[in-house]
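Peer 1: Sequence and predicted structure below; questions after.
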Amino acid sequence: MKLDSMYQEIILDHYRNPLHRGLRDPFDAEVHHVNPTCGDEVTLRVKVVDGVVEDVSYESEGCSISQASASVMSDLVIGKKIDEALELEREFLALMQSRGTAEGDEDRLEDAVAFAGVSKYPARVKCALLSWMAWKDATAKAVDPAATAAATPAAAPPAALDVPEQEKP
Amino acid sequence: MTLAEPRAAGAAAPVLGFDVEQVRKDFPILARTVHDDLPLVYLDSAATSQKPYAVLDAERAYYELHNANVHRGIHVLAEEATALYEATRDKVAAFIGATDRREVVFTKNSTEALNLVAYAMSNAETTGPEADRFRIGPGDEIVITEMEHHSNLVPWQMLARRTGATLRWIGLTDDGRLNLDNLDAVITDRCKVVSMVHQSNILGTINPVERIVARARQVGALTVLDGSQSVPHLPVDVVELGVDFLAFTGHKMCAPTGVGVLWGRGELLEVMPPFLGGGEMIEIVTMEGSTYAPPPHRFEAGTPMISQVVALGAAVDYLNGLGMAAIAAHEHAITAYALDALATVPGLRIIGPPTAQARGGAISFVLTDDEGRGIHPHDVGQILDERGIAVRVGHHCARPVCLRYNVPATTRASFHLYTTTAEVDALVEGLHGVRRFFSR
Ligand SMILES: Cc1ncc(COP(=O)(O)O)c(C=O)c1O
């Protein structure tokens, strides 16, 4: 079945037994990213020490692809230098944008190459990218707390349009 | 692969005089295949309906033979185009039981129609006492429901922010209906406008409009009905419903995208301030100021969506040809059949009314695998798509409903006049397949 190219065993394993899930202390930055069309959400924390990604933890809600991707991503970047991790992020992004034409370098991306099949499904690419984008945003904030979320509108808090409180009917 | 057990109730009773197989021949897209050679099972009509030849032909014929701008120019084409455009106004008025064609305003879609009313209300600030019923400010209240599409929620949040008014809402019961127990406490003397959905796009619920309108009338509030999901599926009569405004959208009723309708009670449109300014909506223009055209043109600024309006007229003719009562009966039978059929899928929970009573053909559900673990709707939709079955997954532009029922998202199957019981069977079989896939 064609679907098996997307739903690789590795992906389903990470989905069922996610790594690094559950928000942890200490952390330098926390972000909340959403995928408004399908309802995927992730809250993600990053701890940076001396230019190294010391820890990533998250709480998330979403499909198998977005959940598995958060697990794979966090396991991959933890312990890496920020520059190295950002390089991996660019490689993963390129893989996701390849529309099924790239395989990814397993030596570098490890389990994340299992997502190559997802790139054939444009509607699912953003599921695979959600946690990566959240990590990138959180890391930027951890490094430079003055950095705003301007570059990633999905991260903007919905507070501006929050409904005024009413007494609960 | 085994089929689901046949329903105890047996096959859906066919609706007299409604031949769904004949209807399907009118919709060319329903004959196409997907993923190489699978027949298309289109269960996403609540997102948008498919279009019959009659509509496609009307839009093409308009461009081939009559294309010109409307309401300006004295040549043959301009007159023909104007006549075709205005003919749809008559057809739409008759279709929804309006007594006066001038009560029908063409918009881009439901969303624009609803925004039109909301912006007219804040624009009332700048007009004379004739628009008093539209004026709204601090201390005033806007009432909606917890099951609104974002298109009938966000415009009112924005109106509240612009004017300082307070937004309130009618909550939901556990089985997907409006909780009217404390209606009198939610709609009070401070209420200026009540806006509500007729048939929910996510829950399928058909709301008791009369009851809410009666309360709104008592307190002198305007009433707005979002008919996006009712006008395409049910006979709708604005006089019977007693509302002040009705919004609906062409693309869900077999017409093209890009055209919608705001119907408004004549005496209200007469004094309602405009929303968009520009050509066509004016009377006398000087550099210092302008006076506005009477309705409906006051609310149709700029060159309208002429070909889409013409094709909307063809869609109305097409639906009338089959009869809205027959269409509603067919969809009711399909909905009852589907609710029974879905009940045979283990681990499936309907989000919305569990029976077909006062309910339309948009069925949302969540699904678990053999071990009771949730299967995310995105994954459900993906695996159904692999079988050629098109459903929608996500929040369905009604995130507060997902929050209310504590689900991250739902899978939604939605029906229309061309939906068959065989398609419902394919869905049920597909859902068994989804569970097998994730229970591996
Ligand atoms: C209940 C309801 N209201 C409003 C809308 C908005 O319709 P449109 O996007 O055509 O403006 C929709 C369609 O998605 C709907 O289902």
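Peer 2: Okay, I see it. Numbering: from 1, shown residues only, chains lettered A, B, ... in the order given.

Peer 1: State the distance from the spatially most central residue of chain B to B:G250.
Peer 2: Closest to where the C-alpha atoms of chain B average out (C-alpha atoms, centre = their mean) is B:S228, at 1.4 Å. According to C-beta to C-beta, to the nearest Å, B:S228 stands 10 Å off from B:G250. Using the backbone N, CA and C atoms, a C-beta is placed for each residue, glycine as well.

Peer 1: Which pLDDT value goes with the residue nearest the centre of chain A?
Peer 2: Chain A has A:S131 as the residue nearest its centroid, 1.1 Å off, counting by C-alpha atoms, centre = their mean. On pLDDT, A:S131 comes in at 96.

Peer 1: The residue nearest to the centre of chain B and the ligand, how far apart?
Peer 2: For B:S228, the distance to the ligand equals 3 Å [C-beta to the nearest ligand atom, to the nearest Å].

Peer 1: helix/strand/coil for that residue?
Peer 2: Here B:S228 is recorded as coil under DSSP: H, G, I helix; E, B strand; the rest coil.

Peer 1: Give me the phi and psi for it.
Peer 2: phi -50, psi -40 (degrees, to the nearest 10).

Peer 1: likewise A:Y121?
Peer 2: Backbone torsions of A:Y121, given as degrees, to the nearest 10, read phi -120, psi 90.

Peer 1: list the contacts for the residue lying closest to it once chain neighbours are set aside?
Peer 2: Leaving aside its sequence neighbours, A:Y121 sits nearest to A:M6 (C-beta to C-beta, 6 or more residues apart in numbering or on different chains; 6.1 Å). By C-beta atoms under 8 Å, 6 or more residues apart in numbering or on different chains, A:M6 lies in contact with A:65, A:117-118, A:120-121, A:124, B:382.

Peer 1: So which bits of stretch B:182-196 are buried?
Peer 2: Across stretch B:182-196, burial judged by 16 or more other C-beta atoms under 10 Å in any protein chain shown covers B:183, B:186-187, B:191-196.

Peer 1: Kindly report the same for stretch A:107-116.
Peer 2: Buried residues in stretch A:107-116 (16+ other C-beta under 10 Å): A:109, A:111-116.

Peer 1: From the residues you listed, which land in helices?
Peer 2: A:L109 (DSSP state H).

Peer 1: which regions of the chain lie under the pLDDT threshold?
Peer 2: You didn't say which chain, so I picked chain A. A:1, A:147-169 (pLDDT under 70).

Peer 1: switch to chain B, that's the one I care about
Peer 2: In chain B, residues with pLDDT under 70: B:1-14, B:16.

Peer 1: need the residues of it near chain A, please.
Peer 2: By C-beta under 8 Å from any C-beta of the partner chain, the residues of chain B that approach chain A are B:35, B:154, B:157-158, B:160-161, B:166-171, B:179, B:182, B:185-186, B:373, B:376-379, B:382-383, B:386, B:393-395, B:399, B:402, B:408-409, B:437-438, B:440.

Peer 1: which SS class is the residue in chain A positioned nearest to the ligand?
Peer 2: In chain A, the residue that lies nearest the ligand is A:T37 (12.7 Å; C-beta to the nearest ligand atom). Three-state assignment for A:T37 (three-state DSSP): coil.

Peer 1: Could you pull up the contacting residues of the residue nearest to the centre of chain A?
Peer 2: A:33, A:42, A:44, A:58, A:60, A:66, A:69-70, A:73-74.

Peer 1: Give me the buried positions along whichever helix or strand it is part of.
Peer 2: If you go by DSSP states H and E, A:S131 is part of helix A:122-143. In terms of neighbour count (16+ other C-beta under 10 Å), helix A:122-143 has its buried residues at A:124-142.

Peer 1: coming back round to it: how much space is there between the spatially closest residue to the residue nearest to the centre of chain B that is not a sequence neighbour and the ligand?
Peer 2: The shortest distance from B:S228 to any non-neighbouring residue, by C-beta to C-beta, 6+ apart, is to B:S110 (4.4 Å). According to C-beta to the nearest ligand atom, B:S110 stands 4 Å off from the ligand.

Peer 1: Counting neighbours, what do you get for A:D75?
Peer 2: Neighbour count for A:D75, taken as other C-beta atoms under 10 Å in any protein chain shown: 17.

Peer 1: Next: A:V52.
Peer 2: Count around A:V52 with other C-beta under 10 Å applied: 16.

Peer 1: Same check on the one 10 residues further on?
Peer 2: The tally of other residues near A:G62 (other C-beta under 10 Å) stands at 27.

Peer 1: Could you do A:S5 as well?
Peer 2: Counted with other C-beta under 10 Å, residues neighbouring A:S5 total 15.

Peer 1: repeat for B:A422
Peer 2: So B:A422, with other C-beta under 10 Å, has 11 neighbours.

Peer 1: State the helix or strand in which residue 71 lies.
Peer 2: You didn't pick a chain, so chain A it is. Element membership for A:S71 (DSSP H and E) is helix A:64-77.

Peer 1: sorry, should have said chain B
Peer 2: Using DSSP H and E, B:H71 falls outside every helix and strand.

Peer 1: mind checking how far the closest residue to it other than its chain neighbours is from B:Y292?
Peer 2: Of all residues not flanking B:H71 in the chain, B:T82 sits nearest, at 5.7 Å (C-beta to C-beta, 6+ apart). For B:T82, the distance to B:Y292 equals 20 Å [C-beta to C-beta].

Peer 1: and if you look at A:A112?
Peer 2: 60 Å.

Peer 1: Please apply the same query to A:V72.
Peer 2: Taken as C-beta to C-beta, the span from A:V72 to B:Y292 is 60 Å.
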